[in-house]
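A.B. asks: Sequence plus the predicted model coming up.
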Amino acid sequence: MQIIILWFITSSLLLSAPLLTIDKKQHTFDDFPVQRYEDRTSSLDIEQIQKVLDFSEASNFISEGYTSSTFWYRVEIYNATNRPVETIVDAGKLVYEVDLYILSSDKTVLYRGGNGLRFQDRIIQSTTTRFPLHLNAKERKTLYFRMRHITTLFTALTITDERALVKSDLQKSQLLGLAYGGILILVLYNFFLFTSIREKVYLYYVLYIGASVTWFMMSEGYFPFTTLWGDAFYTLAANTTALFLIFIMLFSRALLLTKRYMPVLDRVLYVSIWTMSLSLLLNFYDPVLIIYIVNTVGLIIISLLFWMALKSYRLGNKIAFFYIQAQLVYFIMLLPYLLMTIDLFPYSKLVNYAPLVGSVYEAVLFSLALAYRVKMLKDEKINIEIQAQIRLEHAIQEQTKELDELNHHLEKKVAQEVEKNRDQELAMLHQNRLAQMGEMISMIAHQWRQPLNNLAMLNQTVILNYQEKRLNTKTIDYFKENTNRQIQQMSHTIEDFRDFFKPRAESVEYCVNDVIIQTIDMLAPIYRELGLVIEYTDEQKVYSQGAPSKLGQALINIINNAKDVLLERDVVNKRLRLNLKRQEDIAILTIGDNGGGVPLDIMDKIFDPYFSTKDKKNGTGLGLYMTKIIVEKHLNGNIIVENRDGGAQFKIAIAEVSRSI
C-alpha cells in the first residue's frame with residue numbers, strides 16, 4: 001500500500017508542469033522554468049505527448065543547436081485575479097514550426113505559427129511568432145509548445161500583456177532604428193566617396209555592410225521580408241550569408257593590400273570568392289545544406305582574414321590596425337552567438353543581439369579605416385607634390401642661369417630685330433609714299449592737260465595775230481584774261497592735291513562724306529577716260545575723329561587696286577560702287593567692284609606686305625597692306641574683304657562722333 005501511494009505521488013509530480021501565477025503584481029513572465037521533451041522521431045501528437053512521463057526540467061530560454069528533432073515544452077498558467085486576463089504568448093523568431101496547444105478543463109485550442117507559415121495565415125501578424133491567450137478569473141490552463149526547426153533552434157518564450165509588449169517592441173524598434181540609421185549614414189557617405197574617387201574598396205564596403213543589414217533585417221522580420229516564408233526565407237538567408245562572406249573578402253583584399261603584401265594568400269582569397277559565388281547557385285537546390293557549409297566555412301574565412309590583417313599591419317599597412325580592432329570586437333560579439341546556436345552557450349536576448357552590436361562597431365571602424373585611407377592618400381599626394389615641387393624648383397634654379405644668359409643675348413637680338421623691323425616699316429612707308437606721289441603726279445598731269453592745251457592755243461592765237469599784224473589791245477586783253485584763268489585753274493589743282501595729301505599730326509573732326517566726294521572728284525576724270533564709272537551713295541552726313549587725309553589715301557589705294565583688276569580682266573561696263581551708312585555708332589563704308597572677286601586661295605593673304613598678283617613692274621604689294629595699317633592705326637577702325645555681287649567688296653568700319661558745335 002505504501003508503494004502504491006509513493007508511485008502515485010511521484011507520478012503526480014512528474015506529470016505536473018511548472019506553474020505561472022498571474023496576480024495583481026505580475027502579468028509578465030520572461031524568465032521561468034518549463035518542462036522539455038525531445039521527440040526524435042517527430043511522430044507524437046498532443047494526446048500522446050500528454051502521456052509522456054519523462055519531461056525534463058528546462059528554461060524558457062531555448063537553445064537546442066542543430067537538430068532535426070521535434071521539441072515539446074510544457075508550462076501551466078493560473079489567473080489568480082478576479083477578472084479575465086488577455087495575454088500574449090511570444091515564441092520568438094527564426095523557428096520554422098511552432099504549434100501552441102492550450103488545454104483547459106473543457107477544451108483544447110491549437111494555434112500554428114513559425115517561419116514556415118505564411119505571414120497572412122498567422123493568428124497574430126507579427127514579425128515574431130505570437131499567440132493570444134485568454135484566462136478567465138481563477139482559471140488554470142496548460143500550454144504545450146511543439147517546435148521544429150530545419151537548422152539551429154534557439155529562441156525564448158515570454159508571456160506578457162499587450163501594453164508591456166507594445167512598450168518592449170517600441171524600445172526595440174528605437175534601438176534598432178538608431179543602429180540602422182547610423183549604418184545607413186556610413187553607407188551613404190562611403191558610396192559618395194566611391195562615386196567621387198572611383199575606388200572599388202568603397203563599393204565593397206557598401207555591399208558588405210548592405211549584406212549585413214539585409215541579414216539582420218530579415219532575421220527581425222522587417223518589410224519586405226515579412227512576405228518570405230518557408231524555403232524562400234532560408235534560400236534568401238543562405239544567399240545573404242554567402243554574399244556577406246564574398247563582400248568581406250573583396251573588401252579585405254582591397255583594404256589590406258593582400259596582393260602586394262601576401263600574394264599567395266591573396267590567390268587563396270581569390271579562389272574562395274569564386275567558390276562562394278558558385279555556392280549561390282546551389283542555394284536554390286538545398287539552402288539548409290548551404291547554410292551549414294557557409295557557416296562552417298565562414299568561421300574559417302573570418303579567422304584567416306584576421307590573421308592576414310595582423311600580417312598586413314606588421315608589414316607596414318597602418319590601415320590594418322582599424323581592421324584588426326573591428327574584427328576583434330565583432331568576433332568577440334559573434335562567438336557567444338555561434339556557441340548558442342550549437343547549444344554550447346545559454347540563450348539570452350543580449351547574446352541574440354550581440355552580432356548586431358558587433359556589426360555596428362565594425363561598420364564604424366571600417367568607415368574610419370577608409371577615412372584614414374583618404375587621409376593617407378591625401379598626405380601621399382601632398383608628399384609627392386612637395387617632392388615634385390622641390391625637384392621643379394631645383395630644375396628652375398638650374399635653368400634660370402641658362403635663361404638669364406639666353407635673355408641677355410636675346411635682348412640684344414630683339415633690339416636688333418626691332419630696329420631692323422622699324423627700318424623695314426619706314427622703308428615700306430616711304431615706298432608707299434613714293435607710289436602715292438607718283439599717282440598724285442599722274443593725276444596732276446592729267447588735270448593740267450586741258451589747261452596746258454588751252455594755253456598753247458591762246459599762245460598760237462597771239463602769234464598768228466602778230467604775224468598778220470592784227471594784234472591789238474582787245475586781243476591782248478582776251479589773251480591775258482584767259483591765260484590767267486587757266487593758270488589759276490592749274491594752281492587750284494596743285495593746292496587741292498597738296499591739301500589732300502598733306503599729313504596732319506593732330507586729330508580733327510571731319511565729315512566722312514566730304515572726304516569720299518573729294519577723293520572721287522580727283523579720280524573721276526582719269527577713270528572716266530578708262531571707261532570706269534564710280535557710283536557713290538549715302539544716307540546722311542557722318543562725322544568721325546582722326547586724319548581725313550589718311551582716309552583719302554586708304555580710299556585711293558582700294559580704288560586704284562580695283563581699277564587695276566578691272567583693266568587686267570578686261571571687264572565690260574567697269575563699275576565701282578561706294579556706299580556710306582550708319583550702324584549704331586559706327587560708320588560703315590563699302591567699296592565694291594564687278595571684277596569677279598578675290599580668289600579664295602589668296603583671300604587671307606591680300607593684306608600681307610609685298611603680296612601682289614601683279615608683276616613686279618606694275619605692283620609693289622604694299623597698297624592694301626598700308627591701307628590696313630592706316631585704317632587700324634590712324635583711323636582706329638578695321639577693314640575686311642569678301643566676295644559679293646560678282647566682285648570684291650571692301651568694308652571699312654570707323655567710329656562715328658557727334659558733330660562738334
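C.D. replies: Happy to help now that I have it.

A.B. asks: Break down the stretch 351-500 of the chain into its helices, ranges please.
C.D. replies: For the stretch 351-500 of the chain, the helices defined by DSSP state H, counting those that start in this stretch occupy 354-467, 473-501.

A.B. asks: any idea which of the ones you listed scores lowest on pLDDT?
C.D. replies: Of all the helices of the stretch 351-500 of the chain, helix 473-501 carries the lowest average pLDDT, namely a mean of 67.

A.B. asks: for the following helix or strand past that helix, packing partners?
C.D. replies: Using DSSP states H and E, the helix or strand that follows helix 473-501 towards the C-terminus is strand 508-511. When contacts are defined as 3 or more C-beta pairs under 8 Å, 6 or more residues apart in numbering; DSSP states H and E, strand 508-511 sits against strand 543-546, helix 548-568. Any C-beta I mention is one placed from the backbone N, CA and C, and that applies to glycine too.

A.B. asks: now, of these, which is deepest in the fold?
C.D. replies: Of all the helices and strands packed on strand 508-511, helix 548-568 carries the top mean neighbour count, a mean of 21, counting by mean count of other C-beta atoms under 10 Å.

A.B. asks: now it, how far from the centre of its chain.
C.D. replies: Offset of helix 548-568 from its chain centre (C-alpha atoms, centre = their mean, to the nearest Å): 58 Å.

A.B. asks: Following it in sequence, what is the next regular element?
C.D. replies: strand 574-583.

A.B. asks: Show the secondary-structure elements that that next one is packed against.
C.D. replies: Strand 574-583 packs on helix 512-529, strand 532-538, helix 548-568, strand 586-593, going by 3+ C-beta pairs under 8 Å, 6+ apart.

A.B. asks: Go through the ones you listed and name the closest to Gly358.
C.D. replies: strand 586-593 (79.3 Å; C-beta to C-beta).

A.B. asks: between that closest one and helix 548-568, how big is the angle?
C.D. replies: Angle of strand 586-593 versus helix 548-568, following axes from the mean of the first three to the mean of the last three C-alpha atoms, to 10 degrees, is 20 degrees.

A.B. asks: Give me the helices and strands touching strand 586-593, please.
C.D. replies: Applying 3+ C-beta pairs under 8 Å, 6+ apart, one finds that strand 586-593 contacts helix 512-529, helix 548-568, strand 574-583, strand 647-655.

A.B. asks: Could you pull out the buried residues of it?
C.D. replies: Neighbour-count burial for strand 586-593 flags 587-593 (criterion: 16 or more other C-beta atoms under 10 Å).

A.B. asks: Next: stretch 597-612.
C.D. replies: Under 16+ other C-beta under 10 Å, the buried positions of stretch 597-612 are 597-598, 606-607, 609, 612.

A.B. asks: and if you look at stretch 525-541?
C.D. replies: Within stretch 525-541, the residues that count as buried by 16+ other C-beta under 10 Å are 526-527, 532, 534, 536, 538.

A.B. asks: Repeat that for stretch 96-107.
C.D. replies: Buried-residue list, stretch 96-107, by 16+ other C-beta under 10 Å: 96-103.

A.B. asks: ok, so of these, who is nearest Ala156?
C.D. replies: Val98 (12.3 Å).

A.B. asks: Which SSE is immediately downstream of the helix or strand bottoming out on mean pLDDT in the chain?
C.D. replies: Counting by mean pLDDT, DSSP states H and E, the chain has its least confident helix or strand at helix 2-15, which shows a mean of 41. Toward the C-terminus, helix 2-15 is succeeded by strand 19-22 as the next helix or strand (DSSP H and E).

A.B. asks: neighbouring contacts of that following strand?
C.D. replies: 29, 32, 75-81, 85, 87, 135, 159 (C-beta atoms under 8 Å, 6 or more residues apart in numbering).

A.B. asks: what do you get if the cut-off is 7 Å, keeping everything else the same?
C.D. replies: Residues from elsewhere that reach strand 19-22 (C-beta atoms under 7 Å, 6 or more residues apart in numbering): 29, 32, 75-81, 85, 135, 159.

A.B. asks: Stretch 200-220 now?
C.D. replies: Residues outside stretch 200-220 that contact it (C-beta under 7 Å, 6+ apart): 93-94, 127, 176, 180, 183, 186-187, 190-191, 193-194, 225, 236-237, 240-241, 243-244, 247-248, 250-251, 254-255, 356, 359, 363, 366, 370.

A.B. asks: now do stretch 25-41
C.D. replies: 17-18, 20, 49, 52, 55-60, 69-75, 87, 157-161, 164.

A.B. asks: again, only using 6 Å
C.D. replies: Outside stretch 25-41, the residues within contact range by C-beta atoms under 6 Å, 6 or more residues apart in numbering are 17-18, 20, 52, 55-56, 58, 60, 69-75, 158-161, 164.

A.B. asks: which residues in the stretch 101-250 of the chain form helices?
C.D. replies: Taking DSSP H, counting those that start in this stretch as the test, the helices found in the stretch 101-250 of the chain are 162-197, 200-220, 231-256.

A.B. asks: so which of these gets nearest Leu328?
C.D. replies: Here helix 231-256 is closest among those (C-beta to C-beta), at 14.2 Å.

A.B. asks: Buried residues of that closest one, list them for me.
C.D. replies: For helix 231-256, a neighbour-count test (16+ other C-beta under 10 Å) marks 233-256 as buried.

A.B. asks: Which among the helices and strands packed on strand 586-593 is found nearest to Leu143?
C.D. replies: strand 574-583 (101.7 Å).

A.B. asks: Direction included, what does the closest one pair up with?
C.D. replies: For strand 574-583, the paired strands and their directions (DSSP bridges) are strand 532-538 (parallel), strand 586-593 (antiparallel).

A.B. asks: Using JSON lines, lay out those strands together with distance to Leu464 and mean pLDDT.
C.D. replies: Compiled in JSON lines, the strands paired with strand 574-583 are given as follows (distance: least, C-beta to C-beta, whole Å; pLDDT from 0 to 100):
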{"stretch": "strand 532-538", "distance to Leu464": "39", "mean pLDDT": "89"}
{"stretch": "strand 586-593", "distance to Leu464": "48", "mean pLDDT": "90"}
